[in-house]
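Q: sequence and computational prediction follow.
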Amino acid sequence: MQQELLFKVLVIGDLGVGKTSIIKRYVHQIYSQHYRATIGVDFALKVLRWDSDTVIRLQLWDIAGQERYGNMTRVYYREAVGALVVFDVTRASTFDAVLKWKDDLDSKVTLNHGRPVPAVLLANKSDHLASQQPKLDSFCRENGFVGWFETSAKENTNIEEAARCLVEHILNNEESPMIEREPGSLVLSGFTNATKGHLNCSSCVKQ
Ligand SMILES: Nc1nc2c(ncn2[C@@H]2O[C@H](COP(=O)(O)OP(=O)(O)OP(=O)(O)O)[C@@H](O)[C@H]2O)c(=O)[nH]1
């Protein structure tokens, strides 16, 4: 029987780092230079055919960068099972803010037993870089990110890979709350043994 899983994923990071652009590229295959700040929160849905009997619906919550200074994030973060934390490689201050976003996330949403939801770090606008960025493996290990990717929404680099890495970690979390959908019904459910196991994310940081 085919199963459909719905995962709420947050996309967070400072103002103008490219969260909306990453989502638009990933979901609609479009990119624009034009900058319009997100107000509050926006949503997009990406449907992934994961394997022959699993369809994953990724509900992407595009949280405005300015929200870190507001108090709405607790509401927005509720029931999220994963996050993409984005910074802009051309602006060091946005990297400095990454841990503040991660702390905000960890303080407001956790899995059972208080474990953090998986978070993947995105070094966006990598098309701007003349040379390689320092590798972030140890930064990720030390700060609880499950992996990191140099992305470019402009050139469509590594966005699918990053999302895949995140989904693999979400699936590996036995206790991730999830909605399993059968035609005509919506029920909250835990994982089935058929869904978990055997998953391996080669591009993610080795823990
Ligand atoms: N060169 C380059 N520019 C990018 C990339 N991603 C986004 N931008 C540009 O950066 C600006 C901000 O992008 P947004 O996607 O609106 O940023 P955001 O993080 O959603 O911003 P807020 O909604 O204010 O939090 C826009 O002008 C984009 O065109 C990228 O990968 N490379």
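A: Sure, I can see it.

Q: tell me the spacing between the most centrally placed residue in the chain and the ligand.
A: For the chain, the residue sitting closest to the mean C-alpha position, by CA atoms, centre = their mean, is residue 84 at 2.8 Å. Look at residue 84 and the ligand: by CB to the nearest ligand atom, to the nearest Å, they are 11 Å apart. (Each C-beta comes from the backbone N, C-alpha and C, glycine too.)

Q: tell me the contacts of that residue?
A: Applying CB atoms under 8 Å, 6 or more residues apart in numbering, we find residue 84 in contact with 9, 10, 11, 12, 19, 22, 119, 120, 122, 162, 163, 166.

Q: same deal with residue 44?
A: 23, 24, 27, 28, 59, 60, 62.

Q: burial check on the closest residue in space to residue 2 that isn't next to it in sequence, number of neighbours?
A: Of all residues not flanking residue 2 in the chain, residue 53 sits nearest, at 5.2 Å (CB to CB, 6 or more residues apart in numbering). As a burial measure, residue 53 scores 11 neighbours (other CB atoms under 10 Å).

Q: so which of the contacts of residue 84 wins on neighbours?
A: residue 122 (32 neighbours).

Q: now that one: which helix or strand?
A: Counting by DSSP states H and E, the element that carries residue 122 is strand 119-124.

Q: list the contacts of that strand.
A: Contacts of strand 119-124 (CB under 8 Å, 6+ apart): 13, 17-18, 21-22, 82-89, 98, 102, 105, 133, 136, 139-140, 144-153, 162, 165-166, 169, 204.

Q: could you point out the helix or strand that follows it?
A: helix 137-143.

Q: which residues of this protein lie near the ligand?
A: 15-21, 32-33, 35, 37-38, 64-65, 124-125, 127-128, 152-154 (CB under 6 Å from any ligand atom).

Q: just the buried members of those residues?
A: Buried subset of those (neighbour count, 16 or more other CB atoms under 10 Å): 15-21, 38, 64-65, 124-125, 152-154.

Q: closest one of the residues you listed to residue 3?
A: Nearest to residue 3 among those: residue 19, at 29.2 Å, using CB to CB.

Q: select the longest helix from the protein.
A: helix 159-172 (DSSP state H).

Q: for the record, mean pLDDT for the helix or strand harbouring residue 47?
A: If you go by DSSP H and E, residue 47 is part of strand 41-51. Mean pLDDT, strand 41-51: 94.

Q: with just CA atoms, put it into CSV.
A: The C-alpha coordinates for strand 41-51 follow below in CSV (Å, rounded to 0.1, in the frame of the first residue of the first chain):
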residue,chain,number,x,y,z
VAL,A,41,5.7,33.5,7.3
ASP,A,42,5.1,32.0,3.9
PHE,A,43,4.5,28.4,2.9
ALA,A,44,5.3,26.0,0.0
LEU,A,45,4.7,22.4,-0.6
LYS,A,46,7.2,20.1,-2.2
VAL,A,47,6.0,16.6,-3.1
LEU,A,48,8.8,14.0,-3.3
ARG,A,49,8.3,10.5,-4.6
TRP,A,50,10.7,8.9,-2.1
ASP,A,51,10.5,5.3,-3.2
